[in-house]
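K.L.:
when you get a sec, could you give me coordinates for this:
(chains A and B)
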Amino acid sequence: MYINGAGCLSPQPTFGHPGFPEEAASVESNRLKAIEPNYKEFVPPEMVRRMGRIIKMGVAAAKSTLNEAGCTVPDAIITGTGLGCIEDTEKFLGTMIRNREEFLTPTAFIQSTHNTVSAQIALLTGCHGYNFTYVHRGFSFENAILDSLLQFQHERGSSILLGAADELTTNSFHIQERMGFWRRKPGDSLTMVDHPGKGTVAGEGAAFFLLGTEKKPTTYARLTDVETCFSPDALPEEQINVRDILDRNGLALSDIDLVLLGRNGDVRFDRIYDRMMASAFPSTPSGYFKHLCGEYMTASSFGLWVAANILKEQRIPKILHVNNPPDPVKHILVYNHYRGINHSLILLSQA
Amino acid sequence: MPKRIYITGIGIISSIGNNANEVLSSLKAGKSGIGEITLFPTIHKGALPVAEVKLSYAELLSLAGQTYGDKFTRTTLLGLIAAREALESAGIEDVNDRPTGFISATTVGGMDRSEVFYGEFLENTGKGRLRDVINHDCGESTEHIASELGIRKFVATISTACSSSANAMMFAADLIRSGKLDRVVVGGTDSITRFTLNGFNTLMILDKTGCHPFDEHRAGLTLGEGAAYLVLESEEHVMPEGITPLAELRGYGNANDAYHQTASSPDGTGAYLAMNQALKMSRMEPADIDYINAHGTGTENNDLSEGRALERIFDPMPLFSSTKAYTGHTLGAAGGLEAVISVLSIRNGLVFPNLRWSTPMKELKIKPVTTLMTGQPIRNVLSNSFGFGGNNSTVIISEPTKPL
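P.N.:
Below you'll find the model as predicted:
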């Protein structure tokens, strides 16, 4: 399927202009915040104040994607989110506890529902089509991709708005900090992978893609396939099978020009990438992206956005740290895992 | 002709029974699970009834075959009990003898424990037991259950409010049809939490006397809890292996009302589209439907909107009822519970009554079934599940047909 439009709101200046930014933003913190646009361009002004942040991020990314592709109403909307509308969930939960279940108002509760982002996009675009939200940790976005590909396979439409959004709140940051997810001594986020340690940097963002059956002047790339591998015990020796997805698509290991990895600088987890590269792609160029977007359950959507831009522009930004950049780039494999449990492969090809 | 999808196993736990047999007995006896809240302290005790599974954490743990620990949420334990029953009912001993997936739906995941955590955390961010919040996200219950069942091949979690389980069934069926999986254990689980009770209360859509769907004097829904799973299998191995299916998933559809975040459109656009899609995929006419298990929450808005959509499609109206006056509205699990109830209807030739109904809605002509109907030839059941965000889903479950 062709990616005919894309929009990405991230801690980098990725939003509001085509292509990958020349300069990456470096932050001396273990918490990366998305750079947010003026939402009034995308959301009716009377809704901007009430709408939760993740909803605004999702709606803005979705609408700019549709605009770029010249699509007003897609046939379907399929999204993924790891923690959903956590800000509104915390807001309602906190008020309920502090007020001892009295004097509550419904707005935060209504917006806390996990499918609010896709529902609001449907509402704002008048889309009566298929509307699904996947909420499975590091598979949330991958399951949304898989469902999108199945919808096309079953010929249920010619355009699908695919996307992912996750927001980081102060509370969820603190809770995950106590769980040991983040670096204790934050340094420059851009070099965190070069200085491996325990923990990583937290992130957030929203990335959307308009998938279509036909190639257009706006086309970025072909989104070919996705594979997930569930490894509940997070065994360090366990490895994702890369051959199945390539075999299915008639590709050999040597056809992959670039592997984009979800490295996050956490020594406990980055060795999984090293092992996979050593066994399957010993001489294939690779780069990484999570030092740009931070770690979150749907970070692979940022990885897909990066890969789609590389295939479109045939240019590999230096900031991705690709050794021996290939030219041309025909096939990219994005390999990401969330805490060693949810492993995924996304295969893209030049359109 | 797309591949047939057979239902070969069912499992359920709800306020009206801890397994399919108990649920069937309660359905036949007209026994509702609605009563006073006992699960947690709340100012709404005595004022807002709910449909609880009357089992403590320790009792759920033992029913789920677990011997120790407090690592599970109530949502996980309910799900594990129902999913195990579904596998047993399908006679599956080795879940990995064929490519098998586990797809689960939930709306609040581990909120039952997060509520406990947040009470302490809000006082002091260094406080609160992490083990009470680590299971908060929706995927956690799915992963726990899949791990306990030994399913590794594929896992997914769907959360589209009250249509979540029906949507999980669609994704499962699509995966089987595409050949990615041979078999999927699919359904949903949700426990009652203080969060959802208070949330729905702020919307002023909780009936203080217990819900009475499709009644002129209905005053809202009643929250329930539970879990239900079905085993879906591809026709390619069900018949050759001599497995006797319980039913067949013939069609399904999902559409968006695109009208309002929480309210349904007056003419039931989304519901109408979802039902029509499901009929089309099933290659059925409205007259082929023998029984409709309606979404029928008991809110003023849902029942009118759904009723209007039903009247637009069905004339004459087949037998229909909402079983939520039995089970309460189990949110993310509702589509699973009602799919299991639909299978029980087909297998036993029964139509279960819409309890607590007395007065027809003045805007509509339709009247639900109000007494148990036995000896009915029920071949095709249409089951609706509608959720916040205008998410409307329909599944059609039928007597198993033989492959050509």
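
K.L.:
alpha carbons only for contacts and neighbour counts from here, please
P.N.:
Fine.

K.L.:
close to chain B: what parts of the stretch 151-300 of chain A are there?
P.N.:
Selection of the stretch 151-300 of chain A residues close to chain B by Cα under 8 Å from any Cα of the partner chain yields A:153, A:174, A:175, A:178, A:179, A:228, A:229, A:230, A:231, A:232.

K.L.:
residue B:296: which of those residues is nearest?
P.N.:
Using Cα to Cα, residue A:153 comes nearest to residue B:296 of those, at 33.4 Å.

K.L.:
what's the neighbour count on the closest one?
P.N.:
The tally of other residues near residue A:153 (other Cα atoms under 10 Å in any protein chain shown) stands at 13.

K.L.:
residues contacting it?
P.N.:
If you count contacts by Cα atoms under 8 Å, 6 or more residues apart in numbering or on different chains, residue A:153 has them with residue B:178.

K.L.:
residue A:74 versus that one, what's the distance?
P.N.:
17 Å (Cα to Cα, to the nearest Å).

K.L.:
which ChimeraX command selects the buried ones in the residues of the stretch 151-300 of chain A next to chain B?
P.N.:
Remark: buried members of these, expressed as a ChimeraX selection using 16 or more other Cα atoms under 10 Å in any protein chain shown:
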select /A:175,228,229,230,231,232
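
K.L.:
in strands only, show me the residues of the stretch 151-300 of chain A next to chain B.
P.N.:
Per DSSP state E, strands hold the following members of these: A:228, A:229, A:230.

K.L.:
could you single out the nearest of those to chain B?
P.N.:
Proximity to chain B was ranked across these by Cα to the nearest Cα; first place goes to residue A:230, at 6.0 Å.

K.L.:
find the nearest non-adjacent residue to that closest one, please.
P.N.:
In space, residue A:230 comes closest to residue A:342 once its chain neighbours are excluded; the distance is 5.2 Å by Cα to Cα, 6 or more residues apart in numbering or on different chains.

K.L.:
and what of residue B:167?
P.N.:
Distances taken as Cα to Cα, 6+ apart place residue B:393 nearest to residue B:167, at 6.8 Å, with adjacent residues excluded.

K.L.:
where's the one you found, which helix or strand?
P.N.:
Using DSSP states H and E, residue B:393 sits within strand B:391-398.

K.L.:
mind listing the strands that strand pairs with, and their directions?
P.N.:
The pairing partners recorded for strand B:391-398 under DSSP bridges are strand B:247-256 (antiparallel), strand B:380-387 (antiparallel).

K.L.:
name the residues that touch it?
P.N.:
For strand B:391-398, contacts defined as Cα under 8 Å, 6+ apart pick out A:119, A:131, B:160-161, B:163, B:166-167, B:247-257, B:270-271, B:274-275, B:278-279, B:282, B:339, B:342-343, B:346, B:379-386.

K.L.:
dump the C-alpha coordinates for that strand into PDB.
P.N.:
Taking Å, rounded to 0.1, in the frame of the first residue of the first chain, the C-alpha atoms of strand B:391-398 are listed here in PDB:
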ATOM      1  CA  ASN B 391     -18.400   3.400  17.400                       C
ATOM      2  CA  ASN B 392     -21.100   1.000  16.100                       C
ATOM      3  CA  SER B 393     -20.600  -2.700  15.500                       C
ATOM      4  CA  THR B 394     -22.700  -5.600  14.500                       C
ATOM      5  CA  VAL B 395     -21.900  -9.300  14.300                       C
ATOM      6  CA  ILE B 396     -24.100 -12.000  12.900                       C
ATOM      7  CA  ILE B 397     -23.800 -15.500  14.500                       C
ATOM      8  CA  SER B 398     -25.500 -18.500  12.900                       C
END
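
K.L.:
quick check: mean pLDDT across it?
P.N.:
Averaging pLDDT along strand B:391-398 gives 98.

K.L.:
can you give me the strands in chain A?
P.N.:
Taking DSSP E, the strands of chain A run over residues A:2-9, A:76-80, A:130-134, A:159-166, A:205-212, A:221-230, A:258-261, A:286-288, A:331-338, A:342-349.

K.L.:
pLDDT value on residue B:68, please?
P.N.:
For residue B:68, the pLDDT comes out at 75.

K.L.:
and it, which of the three is it?
P.N.:
The three-state assignment at residue B:68 reads coil, by DSSP: H, G, I helix; E, B strand; the rest coil.

K.L.:
what does the pLDDT read for the closest residue in space to it that isn't next to it in sequence?
P.N.:
Among residues not flanking residue B:68 along the chain, residue B:61 sits closest, at 7.8 Å (Cα to Cα, 6+ apart). Per-residue pLDDT puts residue B:61 at 95.

K.L.:
mind listing what residue A:104 touches?
P.N.:
For residue A:104, the contact set (Cα under 8 Å, 6+ apart) comprises A:92, A:95, A:96, B:198, B:202.
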